[in-house]
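Visitor: generate a structure from the sequence data that follows.
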Amino acid sequence: MKISASIYSDKKRPLKEVIDDLIEHQVDMLHVDCNDDLSVFEDIKQIRTWCSLPIDLHIITDRPEVYFEYLESNPVEYLTFQYETLITILDLPINISGKKGLAITTETEIEVFEKYQNFDFLLIMATTPGQSGGTFDSYNFAKIRKFRKRFPGKSIHVDGGVNGEVSFILRNMGVSTSVSGSYLFNAPSIGHALMNLTKRDIASHFVVRDFMIPLEECPSVTWGGASLKQVLESIELGNLGFCLCLGGNNELIGIVSSADVRKALLMNLENITNLSTDHLINLNPLRTFENHTVSELLITIKKSKFPVMYLPVVDSNNKAVGIVNFVHLIRGEL
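Guide: Numbers count the residues shown, from 1 in each chain. Model (predicted):
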(Lines give C-alpha, C1' and ligand atoms only; values in the text may rest on other atoms or scores of the structure.)
Protein backbone atom coordinates (compact mmCIF):
# COMPACT_ATOMS: atom_id res chain seq x y z
CA MET A 1 0.00 0.00 0.00
CA LYS A 2 1.33 3.42 -0.98
CA ILE A 3 1.53 6.28 1.51
CA SER A 4 0.38 9.70 0.29
CA ALA A 5 1.71 12.33 2.70
CA SER A 6 -0.62 15.26 3.35
CA ILE A 7 1.79 18.18 2.99
CA TYR A 8 -0.33 20.84 4.73
CA SER A 9 -0.68 18.85 7.96
CA ASP A 10 2.65 20.22 9.18
CA LYS A 11 1.89 23.85 9.97
CA LYS A 12 5.09 24.53 11.91
CA ARG A 13 7.66 24.34 9.10
CA PRO A 14 8.06 25.98 5.69
CA LEU A 15 6.69 23.90 2.83
CA LYS A 16 10.14 23.34 1.31
CA GLU A 17 11.42 21.88 4.58
CA VAL A 18 8.39 19.59 4.83
CA ILE A 19 8.84 18.35 1.25
CA ASP A 20 12.56 17.74 1.75
CA ASP A 21 11.80 15.68 4.87
CA LEU A 22 9.22 13.59 3.00
CA ILE A 23 11.62 13.03 0.10
CA GLU A 24 14.34 11.88 2.49
CA HIS A 25 11.97 9.33 4.04
CA GLN A 26 10.82 8.07 0.62
CA VAL A 27 7.08 8.60 0.83
CA ASP A 28 5.26 7.41 -2.29
CA MET A 29 3.39 10.60 -3.19
CA LEU A 30 2.44 14.06 -1.95
CA HIS A 31 -1.19 14.69 -1.02
CA VAL A 32 -2.28 18.26 -1.69
CA ASP A 33 -5.61 19.39 -0.25
CA CYS A 34 -7.39 22.18 -2.09
CA ASN A 35 -10.41 23.65 -0.32
CA ASP A 36 -11.59 25.79 -3.25
CA ASP A 37 -8.35 27.75 -3.34
CA LEU A 38 -6.65 28.29 -6.72
CA SER A 39 -3.45 29.46 -5.04
CA VAL A 40 -2.65 25.79 -4.41
CA PHE A 41 -1.31 25.64 -7.97
CA GLU A 42 1.48 28.02 -6.99
CA ASP A 43 2.58 25.44 -4.43
CA ILE A 44 2.34 22.71 -7.05
CA LYS A 45 4.60 24.70 -9.37
CA GLN A 46 7.12 25.06 -6.55
CA ILE A 47 6.97 21.37 -5.66
CA ARG A 48 7.71 20.49 -9.29
CA THR A 49 11.00 22.40 -9.02
CA TRP A 50 11.94 20.55 -5.81
CA CYS A 51 11.16 16.94 -6.62
CA SER A 52 9.57 14.46 -9.03
CA LEU A 53 7.27 12.73 -6.50
CA PRO A 54 3.73 12.10 -7.81
CA ILE A 55 1.21 14.72 -6.71
CA ASP A 56 -2.12 13.56 -5.31
CA LEU A 57 -4.48 16.55 -5.57
CA HIS A 58 -7.82 16.55 -3.74
CA ILE A 59 -10.15 19.40 -4.71
CA ILE A 60 -13.21 20.37 -2.68
CA THR A 61 -15.35 22.80 -4.68
CA ASP A 62 -18.80 23.43 -6.11
CA ARG A 63 -17.29 25.03 -9.23
CA PRO A 64 -14.93 22.41 -10.72
CA GLU A 65 -14.95 24.05 -14.16
CA VAL A 66 -12.85 26.92 -12.74
CA TYR A 67 -10.02 24.44 -12.16
CA PHE A 68 -9.90 22.89 -15.63
CA GLU A 69 -7.46 25.35 -17.24
CA TYR A 70 -5.17 25.14 -14.19
CA LEU A 71 -5.18 21.35 -14.33
CA GLU A 72 -4.37 21.42 -18.04
CA SER A 73 -1.34 23.67 -17.50
CA ASN A 74 -0.32 22.02 -14.18
CA PRO A 75 -1.01 18.29 -14.65
CA VAL A 76 -0.95 16.02 -11.61
CA GLU A 77 -0.62 12.25 -11.34
CA TYR A 78 -3.73 11.77 -9.16
CA LEU A 79 -6.76 14.06 -9.23
CA THR A 80 -9.76 13.74 -6.91
CA PHE A 81 -12.93 15.80 -6.61
CA GLN A 82 -15.14 15.73 -3.52
CA TYR A 83 -18.54 14.31 -4.44
CA GLU A 84 -20.66 16.06 -1.82
CA THR A 85 -19.80 19.57 -3.01
CA LEU A 86 -20.53 18.89 -6.69
CA ILE A 87 -23.77 20.41 -7.91
CA THR A 88 -23.98 18.41 -11.15
CA ILE A 89 -22.26 15.29 -12.50
CA LEU A 90 -18.59 16.08 -13.07
CA ASP A 91 -17.52 15.94 -16.72
CA LEU A 92 -13.77 16.39 -17.01
CA PRO A 93 -12.17 17.52 -20.28
CA ILE A 94 -10.28 14.67 -21.97
CA ASN A 95 -7.04 16.66 -22.04
CA ILE A 96 -6.78 16.69 -18.25
CA SER A 97 -4.24 13.96 -17.53
CA GLY A 98 -3.60 11.75 -14.50
CA LYS A 99 -5.67 9.14 -12.73
CA LYS A 100 -9.11 10.38 -11.70
CA GLY A 101 -10.83 9.74 -8.38
CA LEU A 102 -14.08 10.52 -6.61
CA ALA A 103 -13.92 11.32 -2.89
CA ILE A 104 -16.84 10.53 -0.59
CA THR A 105 -17.44 10.98 3.13
CA THR A 106 -18.40 8.19 5.52
CA GLU A 107 -22.09 9.15 5.23
CA THR A 108 -22.16 8.80 1.42
CA GLU A 109 -22.74 5.30 0.05
CA ILE A 110 -20.50 3.82 -2.63
CA GLU A 111 -23.36 3.56 -5.16
CA VAL A 112 -22.68 7.16 -6.22
CA PHE A 113 -19.62 5.82 -8.07
CA GLU A 114 -21.97 4.22 -10.62
CA LYS A 115 -22.02 7.50 -12.57
CA TYR A 116 -18.22 7.80 -12.44
CA GLN A 117 -17.11 4.40 -13.71
CA ASN A 118 -14.74 6.11 -16.14
CA PHE A 119 -12.78 7.21 -13.05
CA ASP A 120 -9.89 5.13 -11.72
CA PHE A 121 -10.41 5.10 -7.96
CA LEU A 122 -12.58 5.96 -4.99
CA LEU A 123 -11.19 8.03 -2.11
CA ILE A 124 -13.01 7.29 1.15
CA MET A 125 -12.84 10.11 3.68
CA ALA A 126 -12.84 8.08 6.88
CA THR A 127 -12.94 11.16 9.11
CA THR A 128 -14.39 14.65 8.61
CA PRO A 129 -12.80 16.23 5.48
CA GLY A 130 -10.50 19.11 6.32
CA GLN A 131 -10.09 18.11 9.98
CA SER A 132 -6.70 16.65 10.82
CA GLY A 133 -6.19 14.02 13.51
CA GLY A 134 -9.65 12.42 13.51
CA THR A 135 -10.49 8.83 14.46
CA PHE A 136 -11.12 6.28 11.73
CA ASP A 137 -14.81 5.33 11.48
CA SER A 138 -15.04 1.52 11.39
CA TYR A 139 -18.17 1.71 9.19
CA ASN A 140 -15.76 2.37 6.32
CA PHE A 141 -14.41 -1.19 6.51
CA ALA A 142 -17.77 -2.43 5.22
CA LYS A 143 -17.77 0.27 2.52
CA ILE A 144 -14.33 -0.82 1.33
CA ARG A 145 -15.40 -4.45 1.12
CA LYS A 146 -18.63 -3.50 -0.69
CA PHE A 147 -16.84 -1.25 -3.19
CA ARG A 148 -14.21 -3.88 -3.99
CA LYS A 149 -16.93 -6.42 -4.70
CA ARG A 150 -19.05 -4.05 -6.80
CA PHE A 151 -16.20 -2.37 -8.72
CA PRO A 152 -13.41 -4.98 -8.75
CA GLY A 153 -11.34 -3.18 -11.39
CA LYS A 154 -11.12 0.10 -9.46
CA SER A 155 -8.61 1.14 -6.82
CA ILE A 156 -9.44 2.30 -3.29
CA HIS A 157 -7.75 5.17 -1.48
CA VAL A 158 -8.44 6.08 2.16
CA ASP A 159 -7.90 9.41 3.92
CA GLY A 160 -8.30 10.03 7.64
CA GLY A 161 -7.47 8.27 10.89
CA VAL A 162 -4.87 5.93 9.37
CA ASN A 163 -2.51 4.80 12.12
CA GLY A 164 -0.42 1.63 12.34
CA GLU A 165 -3.36 -0.62 13.21
CA VAL A 166 -5.72 0.81 10.58
CA SER A 167 -2.91 0.61 8.02
CA PHE A 168 -2.54 -3.14 8.62
CA ILE A 169 -6.28 -3.69 8.18
CA LEU A 170 -6.42 -1.57 5.02
CA ARG A 171 -3.46 -3.40 3.48
CA ASN A 172 -5.18 -6.66 4.26
CA MET A 173 -8.36 -5.42 2.56
CA GLY A 174 -6.52 -4.48 -0.63
CA VAL A 175 -6.56 -0.68 -0.28
CA SER A 176 -3.94 0.69 -2.68
CA THR A 177 -3.20 4.08 -1.09
CA SER A 178 -3.68 5.70 2.30
CA VAL A 179 -3.37 9.41 2.96
CA SER A 180 -1.57 10.28 6.16
CA GLY A 181 -1.23 13.74 7.67
CA SER A 182 -1.24 14.40 11.40
CA TYR A 183 -0.13 10.83 12.13
CA LEU A 184 3.05 11.41 10.10
CA PHE A 185 3.91 14.83 11.47
CA ASN A 186 2.90 14.35 15.11
CA ALA A 187 5.19 11.34 15.53
CA PRO A 188 8.74 11.74 16.90
CA SER A 189 9.83 11.71 13.25
CA ILE A 190 8.35 11.00 9.83
CA GLY A 191 10.53 7.90 9.64
CA HIS A 192 9.14 6.62 12.94
CA ALA A 193 5.55 7.12 11.73
CA LEU A 194 6.20 5.47 8.37
CA MET A 195 7.69 2.47 10.13
CA ASN A 196 4.53 2.15 12.23
CA LEU A 197 2.39 2.31 9.08
CA THR A 198 4.17 -0.67 7.55
CA LYS A 199 5.08 -2.93 10.48
CA ARG A 200 2.92 -5.82 11.61
CA ASP A 201 3.33 -5.64 15.41
CA ILE A 202 0.78 -3.01 16.37
CA ALA A 203 -1.48 -1.85 19.17
CA SER A 204 -5.17 -2.72 18.80
CA HIS A 205 -8.39 -0.77 19.08
CA PHE A 206 -10.45 -2.65 16.49
CA VAL A 207 -11.55 -6.30 16.68
CA VAL A 208 -11.90 -8.91 13.95
CA ARG A 209 -15.67 -8.44 13.55
CA ASP A 210 -15.02 -4.84 12.49
CA PHE A 211 -13.31 -5.82 9.25
CA MET A 212 -14.02 -9.52 8.56
CA ILE A 213 -16.06 -10.73 5.58
CA PRO A 214 -19.44 -11.56 7.18
CA LEU A 215 -20.87 -15.08 6.95
CA GLU A 216 -23.56 -14.14 4.43
CA GLU A 217 -20.82 -13.23 1.94
CA CYS A 218 -18.72 -16.36 2.55
CA PRO A 219 -18.76 -19.56 0.47
CA SER A 220 -20.30 -22.26 2.64
CA VAL A 221 -22.20 -25.55 2.56
CA THR A 222 -24.32 -27.39 5.10
CA TRP A 223 -22.27 -30.38 6.10
CA GLY A 224 -23.88 -33.79 5.94
CA GLY A 225 -26.35 -32.76 3.27
CA ALA A 226 -24.02 -31.30 0.64
CA SER A 227 -22.95 -33.35 -2.35
CA LEU A 228 -19.42 -33.43 -3.72
CA LYS A 229 -20.60 -31.27 -6.62
CA GLN A 230 -22.09 -28.67 -4.28
CA VAL A 231 -18.86 -28.45 -2.29
CA LEU A 232 -16.77 -27.97 -5.43
CA GLU A 233 -19.21 -25.40 -6.82
CA SER A 234 -19.10 -23.46 -3.55
CA ILE A 235 -15.31 -23.29 -3.72
CA GLU A 236 -15.38 -22.27 -7.39
CA LEU A 237 -18.11 -19.63 -7.12
CA GLY A 238 -16.77 -18.23 -3.86
CA ASN A 239 -13.48 -17.40 -5.61
CA LEU A 240 -11.57 -17.60 -2.31
CA GLY A 241 -10.05 -21.08 -2.61
CA PHE A 242 -12.17 -22.75 0.08
CA CYS A 243 -15.63 -23.08 1.59
CA LEU A 244 -16.87 -23.27 5.17
CA CYS A 245 -18.62 -26.45 6.28
CA LEU A 246 -21.44 -25.64 8.67
CA GLY A 247 -23.66 -27.68 10.96
CA GLY A 248 -26.91 -26.74 12.60
CA ASN A 249 -27.20 -23.13 13.74
CA ASN A 250 -24.05 -22.29 11.73
CA GLU A 251 -21.70 -24.32 13.92
CA LEU A 252 -18.28 -24.52 12.25
CA ILE A 253 -17.62 -28.17 11.41
CA GLY A 254 -14.54 -27.54 9.26
CA ILE A 255 -13.43 -26.23 5.89
CA VAL A 256 -12.69 -27.65 2.46
CA SER A 257 -9.94 -25.87 0.53
CA SER A 258 -8.65 -26.30 -3.00
CA ALA A 259 -5.58 -27.92 -1.45
CA ASP A 260 -7.80 -30.42 0.40
CA VAL A 261 -9.47 -31.32 -2.89
CA ARG A 262 -6.11 -31.89 -4.61
CA LYS A 263 -4.86 -34.09 -1.75
CA ALA A 264 -8.05 -36.16 -1.78
CA LEU A 265 -7.81 -36.67 -5.55
CA LEU A 266 -4.18 -37.78 -5.32
CA MET A 267 -5.00 -40.27 -2.57
CA ASN A 268 -8.02 -41.69 -4.42
CA LEU A 269 -7.02 -41.60 -8.10
CA GLU A 270 -7.40 -45.35 -8.47
CA ASN A 271 -10.80 -45.34 -6.83
CA ILE A 272 -12.09 -41.90 -7.70
CA THR A 273 -15.71 -42.97 -8.14
CA ASN A 274 -15.86 -43.59 -4.39
CA LEU A 275 -14.53 -40.14 -3.54
CA SER A 276 -16.86 -38.46 -1.03
CA THR A 277 -17.05 -35.21 0.86
CA ASP A 278 -15.67 -36.98 3.95
CA HIS A 279 -12.35 -37.32 2.10
CA LEU A 280 -12.12 -33.56 1.65
CA ILE A 281 -12.92 -31.86 4.93
CA ASN A 282 -10.40 -30.43 7.38
CA LEU A 283 -12.16 -30.91 10.72
CA ASN A 284 -9.66 -28.89 12.74
CA PRO A 285 -8.85 -25.71 10.81
CA LEU A 286 -7.01 -22.78 12.31
CA ARG A 287 -9.57 -20.17 13.36
CA THR A 288 -9.88 -16.82 15.08
CA PHE A 289 -12.56 -15.27 17.25
CA GLU A 290 -14.73 -12.30 16.36
CA ASN A 291 -13.73 -10.42 19.51
CA HIS A 292 -9.99 -10.90 18.97
CA THR A 293 -7.95 -7.75 18.52
CA VAL A 294 -5.62 -7.27 15.58
CA SER A 295 -2.69 -8.13 17.87
CA GLU A 296 -4.35 -11.40 18.93
CA LEU A 297 -5.09 -12.18 15.28
CA LEU A 298 -1.42 -11.75 14.42
CA ILE A 299 -0.38 -14.00 17.32
CA THR A 300 -2.65 -16.73 15.93
CA ILE A 301 -1.07 -16.38 12.48
CA LYS A 302 2.48 -16.47 13.84
CA LYS A 303 1.78 -19.70 15.72
CA SER A 304 0.89 -21.46 12.47
CA LYS A 305 3.51 -23.76 10.94
CA PHE A 306 2.24 -23.03 7.42
CA PRO A 307 1.33 -19.86 5.45
CA VAL A 308 -2.14 -18.63 6.34
CA MET A 309 -4.30 -17.46 3.41
CA TYR A 310 -7.59 -17.18 5.31
CA LEU A 311 -9.11 -17.85 8.72
CA PRO A 312 -12.66 -18.79 9.67
CA VAL A 313 -14.05 -16.45 12.32
CA VAL A 314 -16.22 -17.87 15.10
CA ASP A 315 -18.01 -16.59 18.17
CA SER A 316 -17.61 -17.93 21.70
CA ASN A 317 -19.97 -20.85 20.87
CA ASN A 318 -17.97 -21.94 17.80
CA LYS A 319 -20.63 -20.57 15.46
CA ALA A 320 -19.19 -19.31 12.18
CA VAL A 321 -19.65 -15.56 11.74
CA GLY A 322 -17.27 -14.80 8.87
CA ILE A 323 -13.74 -15.08 7.52
CA VAL A 324 -10.56 -13.02 7.36
CA ASN A 325 -8.81 -13.24 4.00
CA PHE A 326 -5.08 -12.47 3.71
CA VAL A 327 -4.71 -12.70 -0.07
CA HIS A 328 -4.22 -8.95 -0.58
CA LEU A 329 -1.71 -8.72 2.25
CA ILE A 330 0.30 -11.67 0.94
CA ARG A 331 0.33 -10.34 -2.61
CA GLY A 332 1.31 -6.84 -1.62
CA GLU A 333 3.65 -7.26 1.31
CA LEU A 334 5.24 -10.67 1.64
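
Visitor: the stretch 201-334 of the chain: helices as residue ranges?
Guide: 208-211, 228-238, 258-267, 294-303, 327-333 (DSSP state H, counting those that start in this stretch).

Visitor: so which of the ones you listed gets nearest L92?
Guide: Between L92 and the helices of the stretch 201-334 of the chain, the tightest spacing by Cβ to Cβ is seen for helix 327-333, at 29.2 Å. From N, CA and C alone the C-beta is placed, and that goes for glycine too.

Visitor: related to what we said a few turns ago, most packed of the helices of the stretch 201-334 of the chain?
Guide: Neighbour counts (mean count of other Cβ atoms under 10 Å) averaged over each of these peak at helix 208-211, with a mean of 20.

Visitor: check which helices and strands the host helix or strand of L170 sits against.
Guide: Assigned by DSSP states H and E, L170 belongs to helix 164-172. On a contact count with 3 or more Cβ pairs under 8 Å, 6 or more residues apart in numbering; DSSP states H and E, helix 164-172 meets strand 177-180, helix 190-198, helix 208-211, helix 294-303, helix 327-333.

Visitor: helices or strands up against the fourth one?
Guide: Okay, so that is helix 294-303. Counting by 3+ Cβ pairs under 8 Å, 6+ apart, helix 294-303 packs on helix 164-172, strand 288-289, strand 310-314.

Visitor: low-confidence regions, the stretch 151-300 of the chain specifically.
Guide: Applying pLDDT under 70 to the stretch 151-300 of the chain picks out residues 183-204.

Visitor: who's in contact with the nearest residue to T288 once chain neighbours are set aside?
Guide: Excluding the flanking residues, the one nearest T288 by Cβ to Cβ, 6 or more residues apart in numbering is L311, at 4.8 Å. Going by Cβ atoms under 8 Å, 6 or more residues apart in numbering, L311 touches L286, R287, T288, L297, T300, I301, I323, V324, F326.

Visitor: let's see it at 10 Å
Guide: 208, 212, 255, 285-289, 292, 297, 300-301, 304, 322-326 (Cβ atoms under 10 Å, 6 or more residues apart in numbering).

Visitor: bridging residues for it?
Guide: V324 (DSSP bridges).
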